[in-house]
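Asks: Requesting a structural model of the entry that follows:
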Amino acid sequence: MKNNFLASVLIFFTLLTYSQSYDFKTIIDLEATNVISQGNTGTCWSFSTSSFLESEIIRLTGQKIDLSEMYNVRHTYLNKSWNYVMRQGKAQFSQGGLAHDVINSISEHGFVPNSVYSGLLNGNEKHNHSKLEDTLKKTLDLYIKEPKTFDWKKRTHDILDTFLGENVESFDYEGTQYTPLSFMKKVKIDPKNYITLTSFSHKPNYINFILNIPDNFSNGTFFNVPIDELTNIVNNALEKGFTIELDCDVSEKTFSAKHGLAIIPVDGVNIENALVNLSKEKEVTQEFRQQEFENYNTTDDHLMHITGLLKDQNGTTYYKVKNSWGKNSKRVNYGGYIYMSEAYFKLKTISITLHKNALTKKILKILRKA
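Replies: Okay, here's the model as predicted:
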């Protein structure tokens, strides 16, 4: 009888433990601009990187500036079109891109405030690039099929003018005239200061390599580190006041914008319950991470912006991640942010981009020798 009573008590407290709702404590919360929506576009890479650069401007100058996402989308479409034509159509042409595409764009073309170039014409209030992408691709395919029949570069510019607006050469901002490059210099952004890191075991650690994922049309390089070290770099950066650009997989059912949560519960756990109540998560190793990448369970889906760090009542670490799907969340106080567990980050991260000054001394030393 006594044993039955003890067993009942044990079961009760076990169920109580697993039915605790999430209770988060903010540890680090760095300043960022407002959450906005990318609309019906695949340009999360520009929205997230623009948000990241906006936080960099706040960190460097104290100014809060809403940058134009579409200005750099326009220039990236031009680069993407060149790549597609030169490869005679044997390359991916889509709305997707990566953080370094924005860094490449601002290196050559600078950036502008959203008030100068919104990419919204004819009274439109939401972005929709379905027709833009389709028109561009059909035009490029036509040229590839019948080369020399028309000037594809001019036609591409004309299409972008029609859908996004004409390019900006100079503009007035708060009574001063700027070019996009001089404006970038004014807010102290230097593209050379940013680096992208990843963590995969099919390449040696501490080298730069081209990561073969579909959206890496520009053949950008990634500096490879062990996953535990990548996590340490993020934690160290946040502690030093630096935010981080994040590229990751969001295809998991346990990534929920509705619940504002991203977790990796152990097998057999009810997912809906896990998104509401604390659940045990999987241990993520380098081997498990690599396996999930090679079998396509981890893919290059979405880019977002890490702006803070939290802990739940059990001391588990979560990252405060700014999304670009608007403020639609069941947990309204999240305001369009995702609280991503460290386990989810370790398993599902493709890469991060951050300022070199945010790196650990160890990585900086290796980079200087590279």
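
Asks: Surely residue 140 is within a strand?
Replies: No - counting by DSSP: H, G, I helix; E, B strand; the rest coil, residue 140 is not found in a strand; it is helix.

Asks: wait, it sits on residue 81?
Replies: Yes - here residue 140 reaches residue 81: they are 5.9 Å apart, a contact under CB atoms under 8 Å. For glycine as for every other residue, the C-beta is placed from the backbone atoms N, C-alpha and C.

Asks: list residues touching both of these two?
Replies: By CB atoms under 8 Å, 6 or more residues apart in numbering, residue 140 and residue 81 have these common neighbours: 93, 152, 156.

Asks: just those now: which is nearest residue 240?
Replies: Of all the shared contacts of residue 140 and residue 81, residue 93 has the smallest distance to residue 240: 38.9 Å, by CB to CB.

Asks: Help me confirm that the closest one comes into contact with residue 137.
Replies: Yes - counting by CB under 8 Å, residue 137 is a contact partner of residue 93 at 5.2 Å.

Asks: Would you mind telling me which of those two has more residues around it?
Replies: Between residue 93 and residue 137, counting by other CB atoms under 10 Å, residue 93 is the more crowded of the two (19 against 16).

Asks: Name the nearest residue to residue 34, sequence neighbours excluded.
Replies: Using CB to CB, 6 or more residues apart in numbering and skipping residues adjacent in sequence, the residue nearest residue 34 is residue 66, 8.0 Å away.

Asks: er, residue 251 actually
Replies: Nearest to residue 251 is residue 301, by CB to CB, 6+ apart, at 5.5 Å.

Asks: Look up how far residue 100 lies from the one you found.
Replies: 17 Å (CB to CB, to the nearest Å).

Asks: Of the two, which one has the most company?
Replies: With neighbours defined as other CB under 10 Å, residue 301 and residue 100 compare such that residue 100 has more, 25 against 17.

Asks: Isn't that one up against residue 218?
Replies: Yes - between residue 100 and residue 218 there is a contact under CB under 8 Å: 6.8 Å.

Asks: Please list all residues in contact with the residue lying closest to residue 207 once chain neighbours are set aside.
Replies: Nearest in space to residue 207, with sequence neighbours left out and distances taken as CB to CB, 6+ apart, is residue 224 at 5.8 Å. By CB under 8 Å, 6+ apart, the contact set of residue 224 is 197, 198, 199, 200, 203, 204, 205, 206, 207, 208, 209.

Asks: repeat that for 10 Å
Replies: With contacts defined as CB atoms under 10 Å, 6 or more residues apart in numbering, residue 224 is in contact with 197-209, 211, 230, 351.

Asks: okay, now the residue lying closest to residue 110 once chain neighbours are set aside: neighbour count?
Replies: Counting by CB to CB, 6+ apart, residue 110 lies nearest to residue 180, which is 3.1 Å off, once chain neighbours are set aside. Residue 180 has 25 neighbouring residues, counting by other CB under 10 Å.

Asks: Roughly how far does residue 40 sit from residue 138?
Replies: 19 Å.

Asks: pLDDT at the residue nearest to residue 207, what is it?
Replies: pLDDT recorded at residue 224 is 97.

Asks: How much space separates it from residue 290?
Replies: Counting by CB to CB - residue 224 and residue 290 are separated by 12 Å.

Asks: any shared contact partners between those two?
Replies: With CB under 10 Å, 6+ apart as the test, residue 224 and residue 290 both reach 199, 200, 201, 202.

Asks: Redo the residues you listed as CSV? Include distance to residue 146, pLDDT and secondary structure.
Replies: Listed next are those as CSV, based on distance: CB to CB, whole Å; pLDDT from 0 to 100; DSSP: H, G, I helix; E, B strand; the rest coil:
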residue, distance to residue 146, pLDDT, secondary structure
199, 45, 98, coil
200, 41, 98, coil
201, 46, 98, coil
202, 40, 98, coil
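
Asks: just curious, which of those is nearest to residue 240?
Replies: residue 199 (20.3 Å).

Asks: confidence score at the spatially closest residue to residue 278 that is not a sequence neighbour?
Replies: Distance criterion CB to CB, 6+ apart; nearest residue to residue 278, sequence neighbours excluded, is residue 20 at 4.7 Å. Residue 20 carries a pLDDT value of 91.

Asks: okay, now residue 20: neighbour count?
Replies: Neighbour number of residue 20 under other CB under 10 Å is 14.

Asks: doesn't residue 273 make contact with it?
Replies: No - using CB atoms under 10 Å, residue 20 is not in contact with residue 273; the gap is 11.4 Å.

Asks: Look up which residues are beta-bridged to the residue nearest to residue 207.
Replies: residue 198 (DSSP bridges).

Asks: From residue 264, how far out is it?
Replies: Applying CB to CB to residue 224 and residue 264 gives a distance of 22 Å.

Asks: low-scoring stretches of the stretch 201-350 of the chain, by residue?
Replies: Low-confidence segments of the stretch 201-350 of the chain (pLDDT under 70): 328-333.

Asks: which residue ranges form the strands in it?
Replies: 208-210, 221-224, 244-248, 255-256, 261-262, 302-311, 317-322, 337-341, 349-355 (DSSP state E, counting those that start in this stretch).
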